[in-house]
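*Asks:* Need coordinates for the following:
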Amino acid sequence: MVSKKQARDKKQFAGRKARKVRVGVLFGGKSGEHEISLLSAQSVMRAMDQDKYDIIPIGITSEGRWLTGGDPLKALTGGQVTMHKLLEAPVVHHSASEVSRALVPGARPSRVPPVDVIFPVLHGPMGEDGTVQGLFELADIPYVGAGVAASAVGMDKAVMKDVFRAHGLPVAPYLAILRSAWEHDPTAVMAQIEAQLGFPCFVKPANLGSSVGITKVHGLVELDAALVEAASFDRKLVVEAAVPQAREIECSVLGNDNPIASVPGEIKPGREFYDYEAKYFDENTELIIPAPISDELAGRVRDLAVRAFCVVDCAGMARVDFLLSAETGELYVSELNTIPGFTAVSMYPKLWEASGVSYPELIDRLIELALERHRDKKRSRTVRDANSPR
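*Replies:* Below is the predicted model of the structure:
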């Protein structure tokens with residue numbers, strides 16, 4: 001005999017099955033990776049199965065205004081991109097505070113459409129660093145990808161490397177330097193870098209991606225300009241010793257508590273290193289999938305990728321980047337990206353495609369993982385029972 005609760009649950013499930021899942025795709029943002037986010041969002045929305053999903057595009061301008069209705073992607077690209085099957089409605093501007101109020105359960109105005117799950121395709125600060133993830137947590141909305149803590153750790157290269165090192169993962173020698181320390185005594189900072197790391201080395205903003213603000217420094221003469229460049233993007237800088245004859249190896253990870261890793265791939269940049277231009281515009285950059293490495297080494301890459309994913313308590317997706325020294329054979333974990341690029345040439349989806357998971361299937365799985373993680377969170381108690389032991 002079917003209980004009333006079972007009948008109600010069955011009816012609710014049937015209702016969910018009957019309608020499409022409303023997916024809010026969030027893109028743009030206030031970071032140096034704004035343009036890459038637009039390219040990623042374009043690819044994601046084009047690949048989504050419109051028989052399964054109602055796509056709700058949500059854009060964020062470089063100034064922090066939120067755009068809903070109509071075609072925010074077209075608005076942010078100056079009309080260069082036209083999405084099909086979107087409502088022919090005017091784009092509506094909102095402030096971040098208006099959106100925050102709109103997301104509060106039971107208080108959503110009709111102009112900000114409710115969604116079942118958010119798919120953030122934001123790269124860099126104010127999107128990949130735990131800020132919007134915290135907003136979604138407060139609003140109790142399922143979202144694709146890492147939670148607040150993992151997002152914050154994954155964004156801050158200095159903290160990330162500290163965590164990796166604490167868990168025994170191999171990382172290249174590095175220093176974390178505050179912009180204020182550099183501005184107070186640049187001579188001392190440069191002397192420390194020269195003494196502890198030597199040259200060549202890489203100078204980076206701690207909280208940015210897509211190689212924005214990164215400089216390869218070959219000697220003391222170049223160091224000052226590199227530090228000035230990185231400090232223009234962030235208050236914290238990371239200086240990292242260059243791995244001898246480094247090969248760029250990348251591996252994609254997918255899952256929640258039991259993640260799996262893709263086949264590794266290798267990137268051969270068309271420039272001296274894998275900088276912004278090499279990543280997105282240089283036709284001489286090669287993506288080699290699978291990476292031409294031994295089966296044993298490929299297995300180690302996959303193992304380290306999953307370990308890196310787990311030690312920061314990541315969820316949904318991540319791309320883990322490695323540096324392999326062609327001179328010494330040593331393998332180093334470089335960084336973990338919690339919202340990796342999703343453009344047509346991005347390694348994260350291409351590595352999964354080579355591993356047997358197509359782009360549309362990957363999007364399906366990421367949405368399923370977001371809903372699964374949200375259901376698991378709802379199992380946790382938020383109020384202590386009066387009869388519970390103290």
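*Asks:* List phi and psi for residue 380.
*Replies:* Phi and psi for residue 380, reported as degrees, to the nearest 10, are phi -80, psi 140.
*Asks:* Need the pLDDT of it.
*Replies:* At residue 380, the pLDDT value in this model is 88.
*Asks:* what is the rounded mean pLDDT of stretch 232-244?
*Replies:* 95.
*Asks:* Stretch 352-368 now?
*Replies:* 97.
*Asks:* Low-confidence stretches in the stretch 51-200 of the chain?
*Replies:* The stretch 51-200 of the chain contains residues with pLDDT under 70 at 79-113.
*Asks:* For it, which segments count as strands?
*Replies:* 53-60, 66-68, 92-94, 117-121, 174-178 (DSSP state E, counting those that start in this stretch).
*Asks:* Burial-wise, tell me which of those comes out on top.
*Replies:* Mean neighbour count (mean count of other CB atoms under 10 Å) peaks for strand 117-121 among the strands of the stretch 51-200 of the chain, with a mean of 25. Placement of C-beta: from N, CA and C, glycine included.
*Asks:* neighbouring contacts of it?
*Replies:* 21-27, 37, 40-41, 44, 127-128, 132-133, 136, 141-145, 339, 342, 363, 366-367, 370-371, 374 (CB atoms under 8 Å, 6 or more residues apart in numbering).
*Asks:* That one vs strand 53-60, what angle?
*Replies:* If you take axes from the mean of the first three to the mean of the last three CA atoms, to 10 degrees, strand 117-121 sits at 50 degrees to strand 53-60.
*Asks:* the helices in the stretch 1-150 of the chain, which residues?
*Replies:* 4-18, 34-47, 72-76, 96-103, 131-139, 148-155 (DSSP state H, counting those that start in this stretch).
*Asks:* who's in contact with the residue most central in space within the chain?
*Replies:* Among the residues of the chain, the one closest to the centroid is residue 339, at 1.5 Å (CA atoms, centre = their mean). Neighbouring residues of residue 339 by CB under 8 Å, 6+ apart: 120, 121, 122, 123, 127, 128, 145, 146, 317.
*Asks:* Distance to residue 239 added to these, as TSV?
*Replies:* Formatted as TSV, the contacts of residue 339 follow (distance: CB to CB, whole Å):
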residue	distance to residue 239
120	30
121	30
122	27
123	23
127	25
128	22
145	29
146	26
317	29
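*Asks:* what two of these are the furthest from one another?
*Replies:* Greatest spacing in the contacts of residue 339, by CB to CB: 127 and 317 (14.7 Å).
*Asks:* ok so, going back, looking at the strands of the stretch 51-200 of the chain, which is nearest to residue 31?
*Replies:* Across these, closest to residue 31 is strand 53-60 (CB to CB), at 9.7 Å.
*Asks:* Tell me the buried residues in the biggest helix by length in the chain?
*Replies:* With secondary structure taken from DSSP state H, the chain has its longest helix at helix 359-378. Neighbour counts over helix 359-378 (16 or more other CB atoms under 10 Å) mark 359, 362, 363, 364, 365, 366, 367, 369, 370, 372, 373, 374 as buried.
*Asks:* Who are the contact partners of the first one?
*Replies:* Looking back up the chat, that one is residue 359. 43, 47, 349, 352, 353.
*Asks:* what's the answer for residue 59, then?
*Replies:* Residue 59 makes contact with 26, 27, 28, 66, 67, 68, 72, 73, 75, 76, 91, according to CB under 8 Å, 6+ apart.
*Asks:* Check residue 172 too.
*Replies:* 240, 241, 242, 243, 323, 332, 334.
*Asks:* got it, and residue 25?
*Replies:* Applying CB under 8 Å, 6+ apart, the residues near residue 25 are 41, 44, 45, 48, 55, 56, 57, 58, 118, 119, 121.
*Asks:* Can I get those residues in a markdown table including distance to residue 264?
*Replies:* Compiled in a markdown table, the contacts of residue 25 are given as follows (distance: CB to CB, whole Å):
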| residue | distance to residue 264 |
| --- | --- |
| 41 | 26 |
| 44 | 23 |
| 45 | 28 |
| 48 | 27 |
| 55 | 32 |
| 56 | 35 |
| 57 | 33 |
| 58 | 34 |
| 118 | 30 |
| 119 | 26 |
| 121 | 24 |
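*Asks:* Kindly state the distance between the middle of the longest helix of the chain and the middle of its chain.
*Replies:* Taking CA atoms, centre = their mean, to the nearest Å, the mean C-alpha location of helix 359-378 is offset from the chain mean by 16 Å.
*Asks:* Mind exporting the C-alpha coordinates of that helix to CSV?
*Replies:* C-alpha atoms of helix 359-378 as CSV (Å, rounded to 0.1, in the frame of the first residue of the first chain):
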residue,chain,number,x,y,z
TYR,A,359,30.2,18.3,-24.2
PRO,A,360,26.4,18.1,-23.8
GLU,A,361,26.8,15.0,-21.5
LEU,A,362,29.3,16.9,-19.5
ILE,A,363,26.9,19.8,-18.9
ASP,A,364,24.2,17.3,-17.9
ARG,A,365,26.5,15.7,-15.4
LEU,A,366,27.6,19.0,-13.9
ILE,A,367,24.0,20.1,-13.4
GLU,A,368,23.1,16.7,-11.8
LEU,A,369,26.1,17.0,-9.5
ALA,A,370,25.0,20.5,-8.4
LEU,A,371,21.5,19.2,-7.6
GLU,A,372,23.0,16.1,-5.9
ARG,A,373,25.2,18.3,-3.7
HIS,A,374,22.4,20.6,-2.8
ARG,A,375,20.2,17.6,-1.7
ASP,A,376,23.1,16.3,0.4
LYS,A,377,23.4,19.7,2.1
LYS,A,378,19.7,19.8,3.0
